[in-house]
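K.L.:
sequence below, structure please.
(one chain, ligands or ions: 1)
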Amino acid sequence: MVGRRPGREELERALRDGVRAGRLRPGTLLPSSRALAAQLGVSRGVVVEAYAQLVAEGWLAARQGAGTTVAAPAAGPGTRPRGSGLSPPGPEPEPGTGPAGPPAVRYDLRTGRPDLSAFPRRAWARALAAAVRGVPDAALDYGDPRGAPALRAALAGHLGRARAVVADPGRVVVCSGTAGGLGLVWPALREQGVRRVGVEDPGWREQAASVRRAGLEAVPVPVDALGLDVAALAPAGVDAVVVTPAHQFPTGVVLAAERRVALLAWARRTGGVIVEDDYDAEFRYDREPVGALQGLAPDHVVYAGSASKTLAPALRLGWLVLPSRLDEPVAARAARGTAVFDQLALAELIQRGDLDRHLRRMRRSYRGRRDTLVAALGSRATVTGVAAGLHLVAQTGDAAALAARARARGIAVQTLHEDCTTSRPQPPALLLGYARESEPALRRAAGLLLA
Ligand SMILES: Cc1ncc(COP(=O)(O)O)c(C=O)c1O
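P.N.:
Sure thing, here's the model as predicted:
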């Protein structure tokens with residue numbers, strides 16, 4: 001595919017590799033984009049984009065007038081490199097319908113709902129059939145509590161390629177969605193002395209709830225325009241923190257490069273554990289997805305992923321990639337909670353390239369829907385958090401009234417106040433999911449919403 005001249009992804013991979021392996025030491029000044037482009041025989045844009053991506057991920061640092069250098073606290077004891085992007089998109093959606101008590105749901109604009117009508121049924125059926133036919137008798141036994149070895153190997157490769165995660169299949173644990181994964185992690189951390197866990201404020205309710213269920217204290221840590229306020233971690237006295245760095249839920253903010261670096265520095269300094277909830281990072285529309293934080297410091301980060309947004313929540317398929325200190329304690333709690341056939345089907349889907357194809361299709365489709373909704377909202381709301389994910393944030397003074405009226409008109413919507421963990425006043429805002437409805441349906445829904 002590529003001869004002598006590297007493409008942007010290869011260049012990114014080579015640079016990440018160099019940093020991980022210690023060939024590129026912190027502080028090393030990289031060649032100017034012009035010089036490196038000339039040396040490699042590629043266009044300057046390739047180098048500029050690769051540098052920008054790696055700055056966003058925290059591998060490199062760019063200072064005005066001082067060029068691009070290798071960022072200070074890069075790389076854990078990592079091994080493999082890799083990293084690049086994924087994509088998604090899809091077919092036609094059906095207007096949401098549903099029984100529901102009061103007004104029937106005509107348009108489903110709730111957050112985080114993927115387009116279920118685009119579930120790759122044929123590919124899944126093929127993969128499932130192959131799994132049922134091919135599975136050896138022995139694999140039908142109780143088996144490894146970490147999950148089916150074939151899936152853990154497929155996930156390790158996929159996450160390495162798509163999310164720049166450093167994943168040894170031996171450190172991958174299959175779980176029942178992100179929620180199930182968090183339910184394994186907190187008790188293991190508690191056993192190791194963790195008492196206070198930072199949760200994003202505003203944030204996903206399940207994060208704080210699962211922390212509390214494990215008998216730990218959930219401590220709100222503010223999120224601002226650059227993502228989690230890392231400077232607030234030390235004063236909050238937390239031993240661990242759960243974050244959504246690639247696409248903060250619900251604000252949609254991407255954790256800024258300097259915050260990523262500061263967060264890793266906090267973990268190294270204090271021994272604190274970072275739990276990275278990478279729930280919908282595959283869906284990024286303006287550029288490549290920002291690589292996972294875990295790839296920079298695999299010994300300090302628990303990586304949590306899920307098929308809920310990429311395929312369907314009902315699969316209840318998720319995975320953890322664990323640092324060494326948590327590997328055994330989490331595996332000991334893993335309850336073999338996912339049927340082996342589903343695990344093997346997902347492994348097939350990954351290996352046949354069907355998952356990547358599905359993600360590329362869905363990314364195209366969701367981008368179109370996002371653009372349609374943004375255009376339909378026009379200047380009626382301040383729209384943010386649109387670069388990635390399956391929803392946007394529409395700030396408008398009358399959010400509560402709009403939401404109530406929308407629901408009465410059969411439009412299912414959520415608001416920042418009602419549907420997220422918040423401990424401080426937040427600007428009134430609607431959270432509008434655009435993944436589930438077709439473009440014409442989104443136009444109609446926005447019209448009704450604002451009428
Ligand atoms: C922040 C966040 N993480 C993870 C998930 C996915 O959870 P699960 O994998 O348990 O379905 C969601 C779904 O809404 C979410 O909002």
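K.L.:
how much space separates G397 from D299?
P.N.:
With distances taken as Cβ to Cβ, to the nearest Å, G397 is found 46 Å from D299. Quick note: C-beta positions are derived from backbone N, CA and C, even for glycine.
K.L.:
show me which residues of the stretch 51-200 of the chain sit near the ligand.
P.N.:
Within the stretch 51-200 of the chain, the positions adjacent to the ligand are G112, G177, T178, A179 by Cβ under 6 Å from any ligand atom.
K.L.:
secondary structure added to the residues you listed, as CSV?
P.N.:
Listed next are those as CSV, based on DSSP: H, G, I helix; E, B strand; the rest coil:
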residue, secondary structure
G112, coil
G177, helix
T178, helix
A179, helix
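K.L.:
among these, name the buried ones.
P.N.:
G112, G177, T178, A179 (16 or more other Cβ atoms under 10 Å).
K.L.:
looking at those, which is nearest D168?
P.N.:
Nearest to D168 among these is T178, at 20.6 Å by Cβ to Cβ.
K.L.:
can you count the residues close to the residue nearest to that closest one when sequence neighbours are not counted?
P.N.:
Of all residues not flanking T178 in the chain, S306 sits nearest, at 4.4 Å (Cβ to Cβ, 6 or more residues apart in numbering). Per other Cβ atoms under 10 Å, the neighbour tally for S306 reads 24.
K.L.:
so how far is the ligand from S306?
P.N.:
3 Å (Cβ to the nearest ligand atom, to the nearest Å).
K.L.:
is it true that V47 touches A37?
P.N.:
Yes - with contacts counted by Cβ atoms under 8 Å, V47 reaches A37, the gap being 4.7 Å.
K.L.:
stretch 259-272: how far from the chain's middle?
P.N.:
Between the centre of stretch 259-272 and the centre of its host chain there is 20 Å, according to Cα atoms, centre = their mean, to the nearest Å.
K.L.:
in the longest helix along the chain, what counts as buried?
P.N.:
The residue-count maximum for a helix in the chain (DSSP state H) belongs to helix 354-377. Within helix 354-377, the residues scored as buried using 16+ other Cβ under 10 Å are 354-363, 365-370, 372-374, 376-377.
K.L.:
A403: what's it in contact with?
P.N.:
V413, Q414, T415, E418, L430 (Cβ atoms under 8 Å, 6 or more residues apart in numbering).
K.L.:
how does it look with 6 Å?
P.N.:
V413, T415 (Cβ atoms under 6 Å, 6 or more residues apart in numbering).
K.L.:
one step back: which is the next helix or strand following the longest helix of the chain?
P.N.:
Once helix 354-377 ends, the next helix or strand along the chain (criterion: DSSP states H and E) is strand 382-384.
K.L.:
report all helices and strands that that next one contacts.
P.N.:
Judged by 3 or more Cβ pairs under 6 Å, 6 or more residues apart in numbering; DSSP states H and E, strand 382-384 is in contact with strand 391-395.
K.L.:
quick one: the strand it packs on to helix 354-377, angle?
P.N.:
Strand 391-395 and helix 354-377 are oriented at 20 degrees to each other (axes from the mean of the first three to the mean of the last three Cα atoms, to 10 degrees).
K.L.:
so V223, which of the three states?
P.N.:
Assignment for V223 (three-state DSSP): strand.
K.L.:
roughly how far apart are it and the ligand?
P.N.:
For V223, the distance to the ligand - Cβ to the nearest ligand atom - is 12 Å.
K.L.:
the longest helix of the chain - contacts with which helices or strands?
P.N.:
Using 3+ Cβ pairs under 6 Å, 6+ apart: helix 354-377 touches helix 439-450.
K.L.:
got the CA positions of the helix it packs on in CSV?
P.N.:
In CSV, the C-alpha atoms belonging to helix 439-450 read as follows (Å, rounded to 0.1, in the frame of the first residue of the first chain):
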residue,chain,number,x,y,z
GLU,A,439,-31.8,13.9,8.5
PRO,A,440,-35.3,14.8,7.5
ALA,A,441,-36.6,13.6,10.9
LEU,A,442,-33.9,15.7,12.6
ARG,A,443,-35.1,18.7,10.6
ARG,A,444,-38.7,18.1,11.6
ALA,A,445,-37.7,17.5,15.3
ALA,A,446,-35.7,20.7,15.4
GLY,A,447,-38.5,22.6,13.9
LEU,A,448,-40.9,21.3,16.5
LEU,A,449,-38.4,21.9,19.3
LEU,A,450,-38.0,25.5,18.5
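K.L.:
sorry, back to before: who has more neighbours, V47 and A37?
P.N.:
The neighbour count for V47 versus A37, taken as other Cβ under 10 Å, is higher for V47 (26 against 18).
K.L.:
so the more buried one is in contact with S33, correct?
P.N.:
Yes - look at V47 against S33 with Cβ atoms under 6 Å: they come within range, at 4.1 Å.
K.L.:
between the buried ones among the residues of the stretch 51-200 of the chain next to the ligand, which is nearest A66?
P.N.:
Nearest to A66 among those, counting by Cβ to Cβ, is T178 at 39.3 Å.
K.L.:
contacts only, for that closest one.
P.N.:
Here T178 is in contact with D277, Y279, A304, S306, G318 (criterion: Cβ under 6 Å, 6+ apart).
K.L.:
not counting sequence-adjacent ones, nearest residue to the residue nearest the centre of the chain?
P.N.:
The centroid of the chain falls nearest to D278 when counting by Cα atoms, centre = their mean (2.6 Å). In this structure, D278 finds its nearest non-sequential neighbour in G305, 5.1 Å apart by Cβ to Cβ, 6+ apart.
K.L.:
quick check: the one you found is in a strand.
P.N.:
Yes - the assignment for G305 (three-state DSSP) places it in a strand.
K.L.:
surely it touches V321?
P.N.:
No - contact between G305 and V321 fails when scored by Cβ under 6 Å: they sit 7.9 Å apart.
K.L.:
in the stretch 101-250 of the chain, which spans are helices?
P.N.:
Taking DSSP state H, counting those that start in this stretch to define them, one finds helices in the stretch 101-250 of the chain at 121-134, 149-163, 177-191, 205-213, 233-236.
K.L.:
can you list the buried residues in the last one?
P.N.:
Neighbour counts over helix 233-236 (16+ other Cβ under 10 Å) mark L233, A236 as buried.
K.L.:
ok, L263 to V242 distance?
P.N.:
Applying Cβ to Cβ to L263 and V242 gives a distance of 12 Å.
K.L.:
again with G160
P.N.:
23 Å.
K.L.:
please apply the same query to L29.
P.N.:
Distance of L29 to V242, computed by Cβ to Cβ: 35 Å.
K.L.:
of the two, who's got more company?
P.N.:
Using other Cβ under 10 Å, the more surrounded residue of L29 and V242 is V242, with 28 against 10.
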